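*Asks:* Build me a model:
(one chain, ligands or ions: 1)
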Amino acid sequence: MLRTICAHGVWPKFRLHEAGYQTDGKCKCGEVDTLTHRLYHCPITHEFRLQYNRGPEVMQARADQPHLCCWTNGLVPWPFDGLPPPLDLSPCYWNSSMESHFSGIGFGDGSGLFGLSTKTLRCGWSVVSSRFNSSGQIEHTAELYGAFGGMHQEVNRAEIYASLMYLTHAVPYEGKYTYYSDSSYLVDGWWLKPKSLVCSGWALHSDLWRKIYKVAEELGLESVEVFKVAAHRSIRTAVDMYDSLKILSNGRADELAKKGAGLHPCNQLLYDSITQLKYLAVVNAKCITRCMLKHIELLEQETLERVPIESKAKPDVGSFAADTHFFVACPMVLTDVFIVSLLRPWAGLHPSVVEAYQSLGTRSGLWLMFIFVLVVAHIAAVG
Ligand SMILES: [Zn+2]
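*Replies:* Numbering: from 1, shown residues only. As a prediction, the model looks like this:
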């Protein structure tokens, strides 16, 4: 259904009529049956428009930006062009009232802001060093936080980077380099996966893992310990002093990692409009789908009473159950989808929609890719 709508593969009766099929082109309600009619004017689908809150605001947006294919295809324009890129380097800041190395137990965290999509995500990291002072009280001895730099923003990367920063600036605490993280990815990567695996060129984030192993080996691998700490626990749940130390330090690290993520430039206005567009796309896609289903239901009931197609010369794309054909069987739709997904960078389609196409149409996509390669090879050979 989604594929058909996105690929403009819906055939309301007026479209069939225009293409020469034997139908009066009228909707069940008596009006001319176009896509716009079905989605915006037809009394039969009125309840869905109400349900998905397509009130005056949406109608106004539609009047202001009638060119958006969002209105009938559920697609929105590529919205990320004006977004400032993430910082290149990873700037970092020590808390100047504390030490500028980690002499206690290290607690690190990675965090992401603007997590609407991988394009908007901006990450930060932090390390807090904590220990018990001579009178047995918990104290933070050092705090370091920063923005995670580079185009590849991902919270897991920020988590690994935090541990790298700890090891780079740590001195042993009771003979060990002890580091706590609330990231299972990091802790599992450390204990459960061999170095050869995480550092192999095929592995995700191997660039960072290689740096970690380089520093850890210099310090002595046997003296480095990485542990898991539960995230965001309340201090009231602490079972002992050591547990309190973990809870407080993890909480502080979380706070600072968010602060670090906030160091990236981000255009809040643009981000808001992206959020709005995404919302609109989702709401619209749902509403469009419901409206279409309703009309298919009506068409199915009519199919048997109708006269067969008038002319054999027409392409085999329609009958009076044309929509049903398009939704379930027509190979042309898959072709459309594949072409649309190929053209995505030029057409400016929303990636989530394209992902949805691709996950639905992979097999036909592969065949078409194969044919495409053959054609290109043929042209290359002949030319
Ligand atoms: Zn109607």
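*Asks:* Which part of the stretch 251-383 of the chain gets nearest to the ion, residue-wise?
*Replies:* For the stretch 251-383 of the chain, the residue closest to the ion is residue 295, as judged by C-beta to the ion, at 8.1 Å. All C-beta spots, glycine's among them, are computed from the backbone N, C-alpha and C.
*Asks:* Backbone dihedrals for that residue, please?
*Replies:* Backbone torsions of residue 295, given as degrees, to the nearest 10, read phi -70, psi -30.
*Asks:* what about the residue positioned nearest the centre of the chain, which helix or strand?
*Replies:* Geometric centre of the chain, nearest residue: residue 117, 3.9 Å, by C-alpha atoms, centre = their mean. Here residue 117 is covered by no helix or strand, with elements defined by DSSP states H and E.
*Asks:* Give me the pLDDT for it.
*Replies:* With respect to pLDDT, residue 117 scores 83.
*Asks:* Tell me, how many residues neighbour the residue of the stretch 251-383 of the chain closest to the ion?
*Replies:* 24 (other C-beta atoms under 10 Å).
*Asks:* Near the ion, which residues of this structure? Just list them.
*Replies:* 27, 29, 31, 42 (C-beta under 5 Å from the ion).
*Asks:* ok, the spatially closest residue to residue 101 that is not a sequence neighbour - how many residues close by?
*Replies:* Using C-beta to C-beta, 6 or more residues apart in numbering and skipping the chain neighbours, the partner closest in space to residue 101 is residue 169 (5.0 Å). Look at residue 169: counted by other C-beta under 10 Å, it has 20 neighbours.
*Asks:* how close does the residue nearest to the centre of the chain sit to residue 86?
*Replies:* 13 Å (C-beta to C-beta, to the nearest Å).
*Asks:* Now that residue 288 has come up, it's in contact with residue 72, right?
*Replies:* Yes. Between residue 288 and residue 72 there is a contact under C-beta atoms under 8 Å: 7.2 Å.
*Asks:* Pick out whichever of those two has more residues nearby.
*Replies:* More crowded of residue 288 and residue 72, by other C-beta under 10 Å: residue 288, with 26 against 18.
*Asks:* Please, which helix or strand holds that one?
*Replies:* Using DSSP H and E, residue 288 sits in helix 268-302.
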